[in-house]
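Trainee: Just a sequence and a predicted model for now, questions to come.
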Amino acid sequence: MDFLVSSYTLRPINMLELIVISTLAFSCLLLWQRPRFKGLTLLLVQEILLMAFNFSEETGFWRQQHLVTPIFSLWTGPTFYLFIRHLVFAHQPWRVREGLHLLPALLALPFTHYTQAVLAVGTVSLVGYGVASFLLVRRYHRALRNMRADPEALQLRWLLGIMLAFALLAVTDAVRVNSQPYLDYTLRNSWYLLQQLANFCTFLTLVYLAIRQPALFDQLDFFERQVKPVAPAVDQRALEQQLFEQIDRTVRSHQLFRTPRLSLQDVAEKTGLVVRDVSTAINQGGGQSFSDYINGLRVEFVTTQLRQPERPQENLLQLAMDAGFNSKTAFNTAFRQHCGMTPSQFIKQLQN
């Protein structure tokens, strides 16, 4: 119990570590009740433990018989990957076998006195799991574009930004670790403090953006199991084009594209086809994703209305909402994509 009465000299980095531990612990309480963010909670717990061991090793608060912190380089990649996996797959339960991802970190524990070797293996692990995480997010966005006409609200582009920030931090940290023998004491410790501060800020940003994410797409597993389009045989392409024309007639005649947050399932129910056939017809027969197809019809509706010589003086944004768009940003993005210009430029062109 000597550690309770002993005196310790706390440097700025140690104060930061205590702040990180308390702040991320509170973040865990906020996220734990959200099932799809339990993986993020695991990631935060890993960072809390890393900060706790760093604090212990630097202050001697808890006399360790073994160096522990190097194994976290083998833990970070798997925990981030599991966070992404359970975020994008809404209905995938946690399994015991997923713990195998953390096994290399435990196996490396007896060898942490070979610090540089463990860190090198950890770097390779980070790169591998980082690529796997990026591919998961890309699969999520692909399914989103093919299942929903309003992908913007459910996208995880902010997560790609966070992944890029963590990657840059990992690179700078690797440079810092390998440069230590050539740096003086003040520069070495200042760099370490700034590195940890930047890492902490990135974690806070991740938690903030996760909490304010309005909704998440929950049909990735369904898409990959039953909807994911496959390349048709050459003799089937004509059939896919005919089926797309049939779907297109139904969508246009009933103006289904004007339905906000239209989904692939909605179109399948209206046409009497199964979801997979509708998806394949639009992708292969129409040569575009579901969201591009529907938003193209919405833009066509807007431009047709704008060309009417006696159209009512309707607000452009209201016209976009009537076409089925649910935000100004989504409308402007789709308009530029399909017309190659902004709505205001298009109106000026009509006036000239």
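Mentor: Cool, got the structure. Numbers count the residues shown, from 1 in each chain.
Trainee: Output the contacting helices and strands for the strand or helix carrying Gln241.
Mentor: Assigned by DSSP states H and E, Gln241 belongs to helix 237-253. With contacts defined as 3 or more Cβ pairs under 8 Å, 6 or more residues apart in numbering; DSSP states H and E, helix 237-253 has these neighbours: helix 264-271, helix 275-280, helix 290-307. (C-beta placed from N, C-alpha, C; glycine too.)
Trainee: Any chance of these in JSON lines with mean neighbour count, mean pLDDT and distance to Glu58 as columns?
Mentor: Shown next, in JSON lines, are the helices and strands packed on helix 237-253 (neighbours: other Cβ atoms under 10 Å; pLDDT from 0 to 100; distance: least, Cβ to Cβ, whole Å):
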{"stretch": "helix 264-271", "mean neighbour count": "18", "mean pLDDT": "92", "distance to Glu58": "54"}
{"stretch": "helix 275-280", "mean neighbour count": "21", "mean pLDDT": "90", "distance to Glu58": "55"}
{"stretch": "helix 290-307", "mean neighbour count": "20", "mean pLDDT": "92", "distance to Glu58": "51"}
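Trainee: of these, which approaches Trp62 most closely?
Mentor: helix 290-307 (53.3 Å; Cβ to Cβ).
Trainee: So which residues make contact with the helix or strand following that closest one?
Mentor: Per DSSP H and E, the first helix or strand lying C-terminal to helix 290-307 is helix 316-323. Identification of contacts with helix 316-323 by Cβ atoms under 8 Å, 6 or more residues apart in numbering yields 257-258, 260, 298-299, 301-302, 305-306, 314, 328, 331, 343, 347.
Trainee: can you do 6 Å?
Mentor: Helix 316-323 is contacted by residues 298, 301-302, 305, 328, 331, 343 when judged by Cβ atoms under 6 Å, 6 or more residues apart in numbering.
Trainee: So which bits of the helix or strand hosting Leu169 are buried?
Mentor: For Leu169, the host element (DSSP H and E) is helix 157-179. For helix 157-179, a neighbour-count test (16 or more other Cβ atoms under 10 Å) marks 159, 162-163, 165-166, 169-170, 173-174 as buried.
Trainee: And stretch 100-110, by the same measure?
Mentor: Across stretch 100-110, burial judged by 16+ other Cβ under 10 Å covers 101-102, 104-105, 108.
Trainee: how is the chain carved up into domains?
Mentor: 2-212, 226-351 (automatic domain parsing).
Trainee: how about the contacts of helix 316-323 in TSV, adding distance to Gln33?
Mentor: TSV is the format used below for the contacts of helix 316-323 (distance: Cβ to Cβ, whole Å):
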residue	distance to Gln33
Arg298	37
Phe301	42
Val302	42
Gln305	46
Lys328	33
Phe331	35
Pro343	42
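Trainee: if we take the residues you listed, which one ends up nearest to Gln180?
Mentor: Closest to Gln180 out of the contacts of helix 316-323 is Lys328 (50.4 Å), distances taken as Cβ to Cβ.
Trainee: Now do the nearest residue to that closest one once chain neighbours are set aside, the pLDDT please.
Mentor: Closest residue in space to Lys328, ignoring its immediate chain neighbours: Leu317 at 5.7 Å, by Cβ to Cβ, 6 or more residues apart in numbering. Residue-level confidence at Leu317 comes out at 88, pLDDT.
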